[in-house]
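1. Can you look at this prediction? I've put the sequence above it.
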Amino acid sequence: MDGEIDALVIGAGFAGLYQLHSLRDRLGLSTRLLEAGGDLGGTWYWNRYPGARCDSESHAYRYFFSKELNEEWEWSERYPGPPEILRYLGRVAEKFDLRRDMRFGCRVVSARYDEGANRWRVQTDAGERYAATYLVAAVGCLSSANVPDIPGLRDFSGQWFHTGRWPHQGVDLAGKRVGQIGTGSTGIQAAPAIAQVAAQLTVFQRTATYSVPARNGALTPEFNRWVRENHAEIRAVAQSTPNGHAFRIADRNVADVAPGEREAIYAAAWEKGGLQFRATFRDLLLDPAANDTACEFIKRRIRAIVRDPEAARALSDVDHPYATKRPPIDTDYYETFNRDNVTLVDLRADPIERITPRGIRTRSREHVLDVIVFATGYDAMTGALLAIDIRGRDGRALREDWRAGPHTYLGLQVAGYPNFFTITGPGSPSVLTNMPVAIEQHVEWITDCIAHLRANGIEAIEPDPEAVRAWDAHVAEAANATLLSKAKSSWYYGANVPGKPRVFMPYAGGLARYRKMCAAIAAKGYEGFILGKAGERAVTAARSGSIDALAAARGVGV
Ligand code: N01
């Protein structure tokens, strides 16, 4: 056995670092962190594609748990890129002396709950073994790259890359003919940067989307002073809004203002840039008529920017309401299509038939390419968890229990998997928020929970299957109460991965509301969880029936 420890954390992104610090330094637990990548950073370790940048504004894209850390750290830009975010996380690791308990290049391949010992037995791809009482998955929601199975890829004679696995030494695209598949948040960031160096860029678009300018720029010393001096207030705003950003959603409906004023509000938000566009009216995700006004505004802007009428038509031919798929923000995305070296291929009219040795063949012609960039997203929310063979009580397999979609309680725990926690797991606000704020809340909740167990001599915790069933139903209800349910092709539903169950995975009820629920549940002695000794738990859970059966009975998760 390579390691007998109290707690094991998988993943060295924002979530894993803070969880290691909390369990080790706050609770005094022997804790180890394992990371598949060669260094810390999580998503930012892997995502180094041209144009990569954070979509959250930097003054809220940070940890809030340490005022001292905030006072020491200054972001240089409104939206930092991977090198600066990695420097920030490196500073965190250094300040809290985290590296001594982190192992890199260790991919966890299996985790098995040993009920007799009440321990998780974890194995890495190198054959190292660990045993821990608590297992925390901090594996990220968007870390399992999705490379579509397009026939012929193996025969392609050029190079190909997925944006989420971009080579760290960079890729020389100068003078190359580049084909980019995918126009989500990543593709929209990548295309303008690639177009600046490539000889020719061909963007293959399957679904058009609505992008708003990011308006990145250097932060002034005055702004950074304001950030330092208003740490508590910025934190309070981020923690009290539905999306965890440091801006409030306007307290007005679209119908409350006259058309002229509405136009001016949208125009000001467009000029200001960023995800705040979503915050212009409170009913944008609730009322189709309200949403239509935002769609129309953005479509008009696209048509005004893009000179080629056919490209303008395809880019503004969006099939879903605004922000029902994750809204991207961009730097000169639409303007890029005015360059002589950029071509848009509308895959709805001219679908990809196959990849050939020379490039990509669509129905109408072959596009000859030196490099293919897959900006095709992720097996989101469940992909990285299910890549690990996770076995709970009686050898039950998570891959089997989640065959019809994920089932969790609060996105934090799974029935039948005692002392196993998922940071920003499916069923939590996670990807609908500014991630570090959601992560901090989960890490602190898990830490408080484990502290409670230890203070009260409780061996283990897991959710009651009844609570899981109710939570599944609530997650579905929360999505259906918004327009998010109108974009069935979104990765929130797993629709981008063939064969993946179509279940709305994140919790759409808002982070602020969710935080209150989590706190209330803990205050009521962890209501909905089963706390006790391993043997007693097995009896209670068995009486409650299987979670699949309960979910199916409610028509949820199938
Ligand atoms: O992935 P996506 P992403 N043939 O799944 C297309 C976060 N993020 O990497 O819409 C042709 O959104 C697919 O088309 P369609 C953010 O949360 C954060 O861009 O499925 N096309 C779509 O256009 C974001 O939402 C930052 O029809 C295919 C694209 O590929 C999430 O990551 C930056 C295809 C995939 O878009 C994922 O964004 C970037 C196929 N077979 C991303 N398969 C920050 O800055 C897929 N597509 C924080």
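-> Done, it's in.
2. Can you name every helix or strand that the helix ranked longest in the chain contacts?
-> Across the chain, the longest stretch assigned as helix under DSSP state H is helix 435-455. Packing partners of helix 435-455 (3 or more C-beta pairs under 8 Å, 6 or more residues apart in numbering; DSSP states H and E): helix 14-21, helix 231-240, strand 420-422, strand 460-463, helix 511-523. (Glycine included, C-beta is placed from N, CA and C.)
3. check contacts around residue 409.
-> Taking C-beta atoms under 8 Å, 6 or more residues apart in numbering, we find residue 409 in contact with 415, 427, 463, 464, 467, 468, 471, 528, 529.
4. Out of those, list just those in strands.
-> By the criterion of DSSP state E, membership of those in strands covers 463, 529.
5. Which single one of the contacts of residue 409 is nearest to residue 288?
-> residue 427 (26.1 Å; C-beta to C-beta).
6. count of residues packed around the closest one?
-> 28 (other C-beta atoms under 10 Å).
7. Tell me how far it lies from residue 111.
-> 19 Å (C-beta to C-beta, to the nearest Å).
8. Same question for residue 307.
-> 54 Å.
9. Then residue 397?
-> In terms of C-beta to C-beta, residue 397 sits 11 Å off from residue 111.
10. So which of the two has more stuff around it?
-> residue 111 (23 against 15).
11. quick one on the thing from earlier: okay, and the common contacts of residue 397 and residue 111?
-> 389, 390, 391.
12. Which of the residues you listed fall within strands?
-> 389, 390, 391.
13. Low-confidence bits of the protein, can you list those?
-> 1-2, 534-558 (pLDDT under 70).
14. Kindly indicate whether residue 268 is helix, strand or coil.
-> What DSSP: H, G, I helix; E, B strand; the rest coil gives for residue 268 is helix.
15. element containing residue 294, please.
-> If you go by DSSP states H and E, residue 294 is part of helix 288-305.
16. highest average neighbour count across the helices and strands packed on helix 435-455?
-> helix 14-21 (a mean of 28; mean count of other C-beta atoms under 10 Å).
17. Mind giving me the packing neighbours of that one?
-> So helix 14-21, by 3+ C-beta pairs under 8 Å, 6+ apart, packs with strand 3-10, strand 31-34, helix 82-95, helix 435-455.
18. and these as JSON lines, adding distance to the ligand and mean neighbour count?
-> Output for these, formatted as JSON lines (distance: least, C-beta to the nearest ligand atom, whole Å; neighbours: other C-beta atoms under 10 Å):
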{"stretch": "strand 3-10", "distance to the ligand": "20", "mean neighbour count": "22"}
{"stretch": "strand 31-34", "distance to the ligand": "22", "mean neighbour count": "24"}
{"stretch": "helix 82-95", "distance to the ligand": "10", "mean neighbour count": "17"}
{"stretch": "helix 435-455", "distance to the ligand": "8", "mean neighbour count": "21"}
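19. Any chance of those in CSV with distance to residue 106 as columns?
-> Output for those, formatted as CSV (distance: least, C-beta to C-beta, whole Å):
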stretch, distance to residue 106
strand 3-10, 9
strand 31-34, 4
helix 82-95, 16
helix 435-455, 21
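20. So for residue 321, which of the ones you listed sits nearest?
-> helix 435-455 (23.4 Å).
21. Please compute how far that closest one lies from its chain's middle.
-> 19 Å (C-alpha atoms, centre = their mean, to the nearest Å).
22. can I have that helix written out in PDB, keeping just the CAs?
-> The C-alpha trace of helix 435-455 is given here as PDB (Å, rounded to 0.1, in the frame of the first residue of the first chain):
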ATOM      1  CA  MET A 435     -16.900  28.300 -11.000                       C
ATOM      2  CA  PRO A 436     -14.600  29.400  -8.200                       C
ATOM      3  CA  VAL A 437     -17.500  30.700  -6.200                       C
ATOM      4  CA  ALA A 438     -19.500  27.500  -6.600                       C
ATOM      5  CA  ILE A 439     -16.300  25.500  -5.800                       C
ATOM      6  CA  GLU A 440     -15.600  27.400  -2.600                       C
ATOM      7  CA  GLN A 441     -19.100  26.700  -1.300                       C
ATOM      8  CA  HIS A 442     -18.800  23.000  -2.000                       C
ATOM      9  CA  VAL A 443     -15.300  22.700  -0.500                       C
ATOM     10  CA  GLU A 444     -16.400  24.500   2.600                       C
ATOM     11  CA  TRP A 445     -19.600  22.400   2.900                       C
ATOM     12  CA  ILE A 446     -17.700  19.200   2.500                       C
ATOM     13  CA  THR A 447     -15.100  20.300   5.000                       C
ATOM     14  CA  ASP A 448     -17.700  21.300   7.600                       C
ATOM     15  CA  CYS A 449     -19.500  18.000   7.000                       C
ATOM     16  CA  ILE A 450     -16.400  15.900   7.600                       C
ATOM     17  CA  ALA A 451     -15.600  18.000  10.700                       C
ATOM     18  CA  HIS A 452     -19.200  17.200  11.900                       C
ATOM     19  CA  LEU A 453     -18.700  13.500  11.300                       C
ATOM     20  CA  ARG A 454     -15.400  13.400  13.200                       C
ATOM     21  CA  ALA A 455     -16.600  15.600  16.100                       C
END
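23. and the angle for it with helix 511-523?
-> Angle of helix 435-455 versus helix 511-523, following axes from the mean of the first three to the mean of the last three C-alpha atoms, to 10 degrees, is 0 degrees.
24. Which residue does the stretch 101-250 of the chain have closest to the ligand?
-> residue 184 (2.3 Å; C-beta to the nearest ligand atom).
25. In this model residue 328 seems to touch that residue, though I could be wrong.
-> Yes: shown here, residue 184 and residue 328 form a contact pair, counting by C-beta atoms under 8 Å, at 6.6 Å.
26. okay, and the common contacts of these two?
-> Contacts common to residue 184 and residue 328, judged by C-beta under 8 Å, 6+ apart, are residue 209.
27. Name the residues of this structure found near the ligand, please.
-> 53-55, 142, 148, 181-187, 189, 206-207, 326, 347, 375-378, 431, 489, 491, 496 (C-beta under 6 Å from any ligand atom).
28. before we move on, back to that, list the residues that contact the residue of the stretch 101-250 of the chain closest to the ligand.
-> By C-beta under 8 Å, 6+ apart, the neighbours of residue 184 are 209, 325, 326, 328, 375, 377, 491.
29. can I get those residues in TSV with secondary structure and neighbour count?
-> Formatted as TSV, the contacts of residue 184 follow (DSSP: H, G, I helix; E, B strand; the rest coil; neighbours: other C-beta atoms under 10 Å):
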residue	secondary structure	neighbour count
209	coil	24
325	coil	25
326	coil	19
328	coil	20
375	coil	25
377	coil	24
491	helix	23
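30. about what we covered before: quick check, nearest of the contacts of residue 409 to the ligand?
-> residue 427 (16.9 Å).
31. so that closest one touches residue 475, yeah?
-> Yes: in this structure, residue 427 is within contact of residue 475 by C-beta under 8 Å, at 5.1 Å.
32. Could I get the CA-only coordinates of stretch 72-88 as PDB?
-> Coordinates of the C-alpha atoms in stretch 72-88 are reproduced here as PDB (Å, rounded to 0.1, in the frame of the first residue of the first chain):
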ATOM      1  CA  GLU A  72      -1.400  40.100  -2.400                       C
ATOM      2  CA  TRP A  73      -2.800  39.200  -5.800                       C
ATOM      3  CA  GLU A  74      -3.500  41.600  -8.600                       C
ATOM      4  CA  TRP A  75      -4.900  40.500 -12.000                       C
ATOM      5  CA  SER A  76      -3.500  42.300 -15.000                       C
ATOM      6  CA  GLU A  77      -6.500  42.000 -17.300                       C
ATOM      7  CA  ARG A  78     -10.300  42.000 -17.100                       C
ATOM      8  CA  TYR A  79     -10.300  38.300 -18.400                       C
ATOM      9  CA  PRO A  80      -7.000  36.600 -17.600                       C
ATOM     10  CA  GLY A  81      -5.500  33.900 -19.900                       C
ATOM     11  CA  PRO A  82      -4.100  30.500 -18.900                       C
ATOM     12  CA  PRO A  83      -0.500  31.700 -18.100                       C
ATOM     13  CA  GLU A  84      -1.800  34.200 -15.500                       C
ATOM     14  CA  ILE A  85      -4.300  31.900 -14.000                       C
ATOM     15  CA  LEU A  86      -1.700  29.200 -13.600                       C
ATOM     16  CA  ARG A  87       0.600  31.800 -11.900                       C
ATOM     17  CA  TYR A  88      -2.300  32.600  -9.500                       C
END
